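Participant: model this:
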Amino acid sequence: MDDFDFLHGVWDVANRRLAEPLSDRSDDWQEFPGRASVRPLFGGAGNIDEITFPTLGYQGVTLRLYDPERKQWAIHWSDSRSGRLDPPVTGSFTGDRGDFHGDDAYGGRAIRVHFTWLRLGHDTARWEQEFSADGGRSWERNWVMDLSRVRGAEA
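Facilitator: Take a look at the predicted model:
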């Protein structure tokens, strides 16, 4: 249940995202900054993560909740552009790596989604997102966040 405790605090986030995932233009990457603030919920059985993308002009929120019966996390995302809660991805950690999968839609077609969380130390972490349009046979990484803890900042 303490898998995401490492994430509590404030983080500078270096983002690298494909401009047009699942398209012929799969080499056009955008880079932009973010600042995330993560705080615990339910005594560690959840957390909420608010991120601001200052150069893009919007914010996002991630809600992570632990299901003790399934021994899995559910990760939910929304942003200020849509105000909708996306379908969750679910999964768990093995060591310092967490893998989370789910179903969603992108560009009007059904896709599989894969999030990877990597604990790289007390002050660094990485999140990656991949999409699959063929039921999980092949994957395209389309967003990477490299997180660096902001010392002395409170979430």
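
Participant: All the strands of the chain, residue numbers only.
Facilitator: Taking DSSP state E to define them, one finds strands in the chain at 9-18, 29-41, 46-53, 58-67, 72-79, 89-94, 97-106, 109-119, 124-132, 140-149.

Participant: Dump those strands into JSON lines; add mean pLDDT as well.
Facilitator: As requested, the strands of the chain are exported to JSON lines (pLDDT from 0 to 100):
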{"stretch": "strand 9-18", "mean pLDDT": "97"}
{"stretch": "strand 29-41", "mean pLDDT": "97"}
{"stretch": "strand 46-53", "mean pLDDT": "97"}
{"stretch": "strand 58-67", "mean pLDDT": "97"}
{"stretch": "strand 72-79", "mean pLDDT": "97"}
{"stretch": "strand 89-94", "mean pLDDT": "98"}
{"stretch": "strand 97-106", "mean pLDDT": "97"}
{"stretch": "strand 109-119", "mean pLDDT": "97"}
{"stretch": "strand 124-132", "mean pLDDT": "98"}
{"stretch": "strand 140-149", "mean pLDDT": "97"}
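
Participant: Which among those strands is found nearest to Met1?
Facilitator: Minimum separation from Met1 across those (CB to CB) falls at strand 58-67, 5.1 Å. For glycine as for every other residue, the C-beta is placed from the backbone atoms N, C-alpha and C.

Participant: And that closest one, what's buried?
Facilitator: Neighbour counts over strand 58-67 (16 or more other CB atoms under 10 Å) mark Gln59, Gly60, Thr62, Leu63, Arg64, Leu65, Tyr66 as buried.
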